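Q: Okay, structure incoming, though there's no sequence with it:
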């Protein structure tokens, strides 16, 4: 099997299965069984093929397909890995979650087909973003993710969910339109200066010819790209849609939006930052990243502090984490980029775990209000543990994975000479720490409400969480050598634009040394 | 009149039609006016194809005619006819103010476009500025109009702007790219209209000022 077969399989399987799932509504009594089966096939095959592609990238550096329109390099592979693994886990969780909705009557067969059809379609659009090499199609794919996910947010058809979906679709399409403007500027400039102008829409070719691009155009284009795709990533102040959409969507959908979709938008921003850095040098992008990153962390930290709604709190925490990733990239250098990529993986895992826990809580308590969710460990002990692990991990306590990446970000910041920025950052993270401490304490203590029965909903709402806990603890203790090599390759690519370039980190202890020797 | 002047003058006509789409009182009329605007856009594509000798643009003109002059206005018109528009939500700012804002948007766009050194844009800089101004018009429409379907039209105006940008700067792009973007735009409109209908059916309003349950 070659790279192209994998890439085509990766994209076509969820797309075709999505259509079949939509069509399953006409199967009568067989509908539910067929829908769950096709869905399981879809997420499992996506996971397997994603892993195969990551393996090929580790061996070959990068793979191409469809006349170079499709392309996965080390950077794309990091994001593909996140989508493959989390898509599978959210897929499993969804089965447990929707089974409950079927029992309560919130879902009928028609809604079930819509939900899983849209699930695979949404998965397909995200996979298209991370495997696309044509920059204009990359934009089209991001736009398609909005269109693919909007009805997932509004699936229950309640007033707030419809409002949230409307806000989401309007703000994101408008935002992403700015991204298109930036994309077209880059394309048009590349078309005029590249020796083979028909390649001007291919990201890999633009990177090779970046030195010929016009600095003024690229500067302007990058601002458009950052504002446009930053809207989709949920950066402050373009985040207005995010807390509503994340909190009103069914929890597995929130998990996909927060753990997978916002990463897709970040990947596009990073791809353009590579071009911009090659044209303008790193400082322009770094300053923008630091500014947008810090205000996102700061704003989110304070919004979180006043939240009593569990899902809205997690939504703001998502903004905070996206901001932190941008700060890490803004610090620049091998250490900052490496730490930022590691943080991207780590926070996605933890965030999805917490969305799962919040979904289980919502099923049981029928409320997301912290004042009503009490006695968690008495009612649903395993979900309680998921929430505790999630909260401890997200604030960065050892031995969980985010401790490592947050520590590396601060170390990278100090090495790069941003002492005061890191102090401010740590103070903001203290606010977040306090918020989550209060959050967990509020849910664990207190008597359980009388109308809430003990016992978890079903094992499928727990198993994916258990797998995530293993991954979160595991990545907190050590980083497997394959992942390390992927991250080093991705960091080298972000720094130099060269897909064959790895940064020279041998172990995480290197972060504590002066970093000159780490430069590729 | 040379074809270059024709392109730029037609682009000027786009501004006029946009303002009409935003300001006309009856939402159904804005759907028709949007069709008219798209017809102007098709005219620009044809003139541009003639001026630059880019054969691709004739194809763009044909597909834009089908999608934007016929299909999208028809979808919006029927959507707006189906819902009774009794509450008639109005815009939030006065006509004068929106004209002033539009003028500022055009001014800024001209300033920005003047910074760009792109050979492809060369003689078409006024048209490029108009295309960029449509981003702001679309946003103006979305921010100031309270009717959900008028907001969809705001999206359509932005989309026409980006379509013109593409035609001016990226007409050499592979055909598949144009198809991808056009499909996105069409699905965008369909999805927004379906969602708008769903909102009207469940909440009995098209007025965004009634949609304030969420805090943002």
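A: Happy to help now that I have it. A quick note: this is a predicted structure, and the numbers were derived from the prediction, not measured.
Q: quick one, what contacts residue A:323?
A: Taking Cβ atoms under 8 Å, 6 or more residues apart in numbering or on different chains, we find residue A:323 in contact with A:235, A:236, A:292, A:293, A:294, A:295, A:296, A:297, A:298, A:300. Glycine gets a C-beta too; all of them are placed from N, C-alpha and C.
Q: contacting residues around the last one?
A: So the one you mean is residue A:300. A:236, A:316, A:317, A:319, A:320, A:323.
Q: Report the central residue of chain B.
A: residue B:157 (1.5 Å; Cα atoms, centre = their mean).
Q: burial of the residue of the stretch 101-250 of chain A found nearest chain B, as a residue count?
A: Chain B sits closest to residue A:188 of the stretch 101-250 of chain A, with a gap of 3.6 Å, by Cβ to the nearest Cβ. The tally of other residues near residue A:188 (other Cβ atoms under 10 Å in any protein chain shown) stands at 25.
Q: Now do it against residue A:244, distance only.
A: 36 Å (Cβ to Cβ, to the nearest Å).
Q: Identify the residues contacting stretch A:101-119?
A: A:18-19, A:21-25, A:31-32, A:35-36, A:38-39, A:42, A:91, A:94, A:98, A:148-149, A:151-152, A:155-156, A:250, A:256.
Q: just to revisit the earlier point, give me the pLDDT value at the nearest residue in space to the residue of the stretch 101-250 of chain A closest to chain B that is not next to it in sequence.
A: Excluding the flanking residues, the one nearest residue A:188 by Cβ to Cβ, 6 or more residues apart in numbering or on different chains is residue B:169, at 3.6 Å. pLDDT, residue B:169: 81.
Q: hang on, residue B:169 packs against residue A:183?
A: No. Counting by Cβ atoms under 8 Å, residue A:183 is not a contact partner of residue B:169; they are 10.5 Å apart.
Q: So these two - more neighbours on which side?
A: The residue with more neighbours, out of residue B:169 and residue A:183, is residue A:183; 30 against 24, by other Cβ under 10 Å.
Q: which residues touch that one?
A: A:135, A:136, A:138, A:139, A:221, A:225.
Q: got it, and residue A:445?
A: So residue A:445 contacts A:374, A:375 (Cβ under 8 Å, 6+ apart).
Q: Could you check how far the residue nearest to residue A:188 is from residue A:108?
A: Taking Cβ to Cβ, one finds residue B:169 at 48 Å from residue A:108.
Q: What of residue B:45?
A: Distance from residue B:45 to residue A:108, by Cβ to Cβ: 46 Å.
Q: sorry, back to before: now name the helix or strand holding the residue of the stretch 101-250 of chain A closest to chain B.
A: helix A:159-193 (DSSP states H and E).
Q: And residue 156, its phi and psi?
A: Since no chain was named, I'll use chain A. phi -80, psi -20 (degrees, to the nearest 10).
Q: re earlier: compare residue B:45 and residue A:108 (neighbour count), which wins?
A: residue B:45 (27 against 13).
Q: tell me the SS of the more buried one?
A: Following DSSP: H, G, I helix; E, B strand; the rest coil, residue B:45 is assigned to helix.
Q: Tell me who's in contact with the closest residue to chain B within the stretch 251-400 of chain A.
A: Of all residues in the stretch 251-400 of chain A, residue A:312 sits closest to chain B, at 8.2 Å by Cβ to the nearest Cβ. Residues near residue A:312 by Cβ under 8 Å, 6+ apart: A:243, A:246, A:247, A:368.
Q: Next, find the distance separating it from residue A:172.
A: For residue A:312, the distance to residue A:172 - Cβ to Cβ - is 18 Å.
Q: and residue A:38, what does it touch?
A: When contacts are taken as Cβ under 8 Å, 6+ apart, residue A:38 is in contact with A:17, A:20, A:21, A:24, A:116.
Q: Return the distance of the longest helix seen in chain B from the chain's centre.
A: The longest helix of chain B (DSSP state H) is helix B:175-203. Helix B:175-203 sits 14 Å away from the centroid of its parent chain (Cα atoms, centre = their mean, to the nearest Å).
Q: How about stretch B:153-170?
A: 7 Å.
Q: which SS state does the residue nearest to residue A:397 when sequence neighbours are not counted fall under?
A: Once flanking residues are discounted, residue A:397 sits nearest to residue A:403: 6.0 Å by Cβ to Cβ, 6+ apart. Per three-state DSSP, the local secondary structure of residue A:403 is helix.
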